[in-house]
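Enquirer: Fold the following, please.
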Amino acid sequence: MTTAPTIATAGADTPAAGALWRLEFAETAKLAFPLAVTQLGQIAMMTTDLALLGRLGDQVVAAAALSHTVLFAAFTLGMGLMSAVAPLASQAFGARNPRFVRRSVRVGLWAAVLAGVPLTALQFWGEEILLALGQAPESAELAGRYLFGLSWCLIPAWAFMALRNFMSAVNRPEPALWITLAAIPLNGVLAYALIYGELGAPRLDLLGAGLATTLVNVFMCAAAIWFAYTRHPFKKYRVLGRFWRFDWQLFRQLLVIGLPISGSFLLEYGLFAAAALLMGSISTSAIAAHQIALQTAAVLYMVPFGISLAATVRVGQAVGRRDGDATRRAGFTAMILAVAFMVVMTVIVAFSRHSIPLLFLGDAAASGETIALAATLLVLGATFFITDGAQSVAAGALRGLNDTRIPLLIAAFSFWIIGFVSSYALAFPAGLGAIGVWIGLSLGTGVFAVLLLWRFHVLTRAHYMPAAPEASV
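Expert: Numbering: from 1, shown residues only. Next up is the predicted model:
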């Protein structure tokens, strides 16, 4: 990607340096809070679905997990492309170029449609895919039924993400939070009605759960479009203006930035999927304890992920202004916030390590071995939780610089050369079992966090900046 020389700004040693850092902390926290709560809302909806499906039996829950595995591979591809909207729109906002902001959102929506049509169609073959992967025919059939209702959610879910990133780029993330908070009870009511045939709805079990998710995502997308087109300050950007005009040049830039993000997500997801397989080779208690600890980590991760989204926006806006010092300050501020939060949460988890597994297990007396192992993994997660939060925010800051290809290579090295190899070696040849797997996960995420932080430090110290938005018009 071409680069442009930065315009040097006042150094951080000026008398106002302290005030600038305090202002950056305040602005980052203000932006990150609604983004983090929005992510927690997404987790709440997934948890509601699983709780309702759990009443239909273990086989249904297993089929739902298989369905999510198939869907997530497709969803991640679009997720990376939608993530690229944030740096493009943020840089344009910082450069005071509203036309480029609109173009950035528009190509994101086009990407959602173009990627969504074939990937949605692919979900209809979910049963055949799972059979080819060696799954039991009955489980594959149930998963295929769920996917038939769930698959339609891809395009509206991605479109909502693109619009949410646009709203964040112009410093107004609150509407996405309001929409998500409204969607949580709507999702619960719809899922309950369509799964069990209540409130006058037909009983559709797994198909109903998938349709409920799709309908809720359509609602969220429609609400985001309404906000974007009718409410201040979004309406002045006319994000659907000339939507029929395909912007090949900017679409290509979106792909260049977004596809490596998708690749990084898939590499990380693949590591944790492989870790689950390793746990399955150890014992039933090991995989159950692993899932409990990992689900705890997933909930905690939503806050650093929200801070990561804010880091992309704040860094991108500073890049648009061609302000090298502000770019560096924005990235490191977000990293400090994320690490501080995760340190506090890690201490709380460590003290609650024996209580947390009870939230997931019905019969504590019959699950003593799983509870003890989960408690051990939660303590071992002290390092993992902190480094996982740090790597997320460092990656977000680098996205604000349009730097995604080198982080993809770093992800491959950290997650698979370091993370997977050490997990396997410590679990089996070294004989540490489940504990060894988690030490390996901690090593992989730790190396990833350190290398990403170092790269951001090197790039911003050298005042690296991508081409200004005007140069890409």
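Enquirer: make it CA atoms for all contacts and neighbour counts henceforth
Expert: Will do.
Enquirer: Distance check, Phe251 against Val107.
Expert: Using C-alpha to C-alpha, to the nearest Å, Phe251 is found at 6 Å from Val107.
Enquirer: Phi first, then psi, for Pro466.
Expert: Taking degrees, to the nearest 10, you get phi -70, psi 170 for the backbone angles of Pro466.
Enquirer: Around it, count how many other residues there are.
Expert: Using other C-alpha atoms under 10 Å, Pro466 has 21 other residues around it.
Enquirer: sorry, back to before: anything in contact with each of Phe251 and Val107?
Expert: Common neighbours of Phe251 and Val107 are not found (criterion: C-alpha atoms under 8 Å, 6 or more residues apart in numbering).
Enquirer: more neighbours, those two?
Expert: Shown here are Phe251 and Val107; by other C-alpha under 10 Å, Val107 has more neighbours (27 against 19).
Enquirer: so who does the more buried one touch?
Expert: Phe246, Asp247, Leu250, Phe251, Leu254.
Enquirer: Would you tell me which one of those comes nearest to Leu40?
Expert: Using C-alpha to C-alpha, Leu254 comes nearest to Leu40 of those, at 26.8 Å.
Enquirer: tell me which element that closest one falls in.
Expert: With elements taken from DSSP states H and E, the one containing Leu254 is helix 248-282.
Enquirer: Please save the CA atoms from stretch 234-247 in CSV.
Expert: Extracted as CSV, the C-alpha positions of stretch 234-247 are listed here (Å, rounded to 0.1, in the frame of the first residue of the first chain):
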residue,chain,number,x,y,z
PHE,A,234,-25.7,10.7,10.3
LYS,A,235,-28.2,11.9,7.8
LYS,A,236,-25.9,14.5,6.3
TYR,A,237,-23.6,11.7,5.0
ARG,A,238,-26.5,10.2,2.9
VAL,A,239,-24.9,6.7,3.3
LEU,A,240,-27.3,5.1,0.7
GLY,A,241,-26.9,8.0,-1.8
ARG,A,242,-26.0,6.7,-5.3
PHE,A,243,-25.9,3.2,-3.8
TRP,A,244,-26.2,1.7,-7.3
ARG,A,245,-22.8,3.2,-8.3
PHE,A,246,-20.1,0.5,-7.7
ASP,A,247,-16.8,1.9,-6.4
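Enquirer: Is the spatially most central residue of the chain within a helix or a strand, and which one?
Expert: The residue lying closest to the centre of the chain (C-alpha atoms, centre = their mean) is Phe305, at 6.4 Å. Using DSSP H and E, Phe305 sits within helix 284-320.
Enquirer: buried sites along that helix?
Expert: Residues of helix 284-320 classed as buried by neighbour count (16 or more other C-alpha atoms under 10 Å): 285-294, 296-297, 300-320.
Enquirer: ok, then the element right after it?
Expert: Counting by DSSP H and E, what follows helix 284-320 is helix 324-351.
Enquirer: got the buried residues for that next one?
Expert: Across helix 324-351, burial judged by 16+ other C-alpha under 10 Å covers 324-335, 337-339, 341-343, 345-346, 349-350.
Enquirer: how is this protein carved up into domains?
Expert: As assigned by automatic domain parsing, the chain contains the domains 20-246, 253-473.
Enquirer: Dump those into TSV; add mean pLDDT as well.
Expert: Listed next are the domains of the chain as TSV, based on pLDDT from 0 to 100:
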stretch	mean pLDDT
domain 20-246	90
domain 253-473	89
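Enquirer: sorry, back to before: quick one: residues contacting the residue nearest to the centre of the chain.
Expert: Here Phe305 is in contact with Ala36, Gln39, Gly389, Ser392, Val393 (C-alpha under 8 Å, 6+ apart).
Enquirer: From Ala449, how far out is the third one?
Expert: Between Gly389 and Ala449 the distance is 8 Å, computed by C-alpha to C-alpha.
Enquirer: These two: which is more packed in?
Expert: Neighbour totals were compared for Gly389 and Ala449, and Gly389 leads with 30 against 25 (other C-alpha under 10 Å).
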